[in-house]
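Asker: below is the sequence, then the predicted model.
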Amino acid sequence: MPNVSYDDFAKLDIRVAKIISTEPIPGKTRIIKGTIDLGDEKRDVIIGGAQYYVPEDIIGKIVIVIANLEPKKMAGVESNAMLLAADVDDKPFWLTVNDDVPLGSSIK
């Protein structure tokens with residue numbers, strides 16, 4: 001991977017969010033639609049790894065997201081943030097913080 005400058009990193013809006021709802025996407029087995037709470041706003045997102053998790057089991061999970069990633073539409077759903085995860089054999093393990101960190105808090 002190429003190095004990125006500090007200025008490039010500083011452009012990322014990385015924040016704490018909570019998954020507040022999930023639902024399957026008809027015809028899709030690897031992604032689901034989710035809604036996250038960033039403290040001051042809620043956004044729809046695409047969540048990968050649906051083949052490993054029951055959608056209801058991730059509701060309430062505190063995650064780390066890139067909030068200013070360009071929106072992307074997949075399977076008819078516009079994703080307005082990206083959940084950050086460690087990737088182990090294509091299975092996501094979402095990055096998280098303690099529950100007492102306020103939603104919307106910046107990651108620096």
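Answerer: On my side now, so go ahead. Given the structure is predicted, the values throughout are model-derived calculations rather than measurements.

Asker: chain center to the lengthiest strand in the chain: distance?
Answerer: The longest strand of the chain (DSSP state E) is strand 14-24. Computed by C-alpha atoms, centre = their mean, to the nearest Å, the chain-centroid distance of strand 14-24 equals 6 Å.

Asker: after that strand, which helix or strand is next?
Answerer: Going down the chain from strand 14-24, the next helix or strand is strand 31-37, by DSSP states H and E.

Asker: the strands in the chain, which residues?
Answerer: All strands of the chain, identified by DSSP E, fall at 14-24, 31-37, 42-48, 62-66, 72-74, 77-79, 82-83, 85-88, 91-94.

Asker: and the fourth one, what does it pack onto?
Answerer: Helices and strands touching strand 62-66, by 3 or more C-beta pairs under 8 Å, 6 or more residues apart in numbering; DSSP states H and E, are strand 14-24, strand 82-83. The way it works is simple: take the backbone N, C-alpha and C, and place the C-beta from them, glycine included.

Asker: can you list those in a markdown table and add mean neighbour count?
Answerer: As requested, the helices and strands packed on strand 62-66 are exported to a markdown table (neighbours: other C-beta atoms under 10 Å):
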| stretch | mean neighbour count |
| --- | --- |
| strand 14-24 | 18 |
| strand 82-83 | 22 |
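
Asker: closest one to residue 33 among those?
Answerer: strand 14-24 (5.1 Å; C-beta to C-beta).

Asker: which elements pack onto the closest one?
Answerer: Counting by 3+ C-beta pairs under 8 Å, 6+ apart, the packing neighbours recorded for strand 14-24 are strand 31-37, strand 42-48, strand 62-66.

Asker: relative to strand 62-66, how tilted is it?
Answerer: 110 degrees (axes from the mean of the first three to the mean of the last three C-alpha atoms, to 10 degrees).
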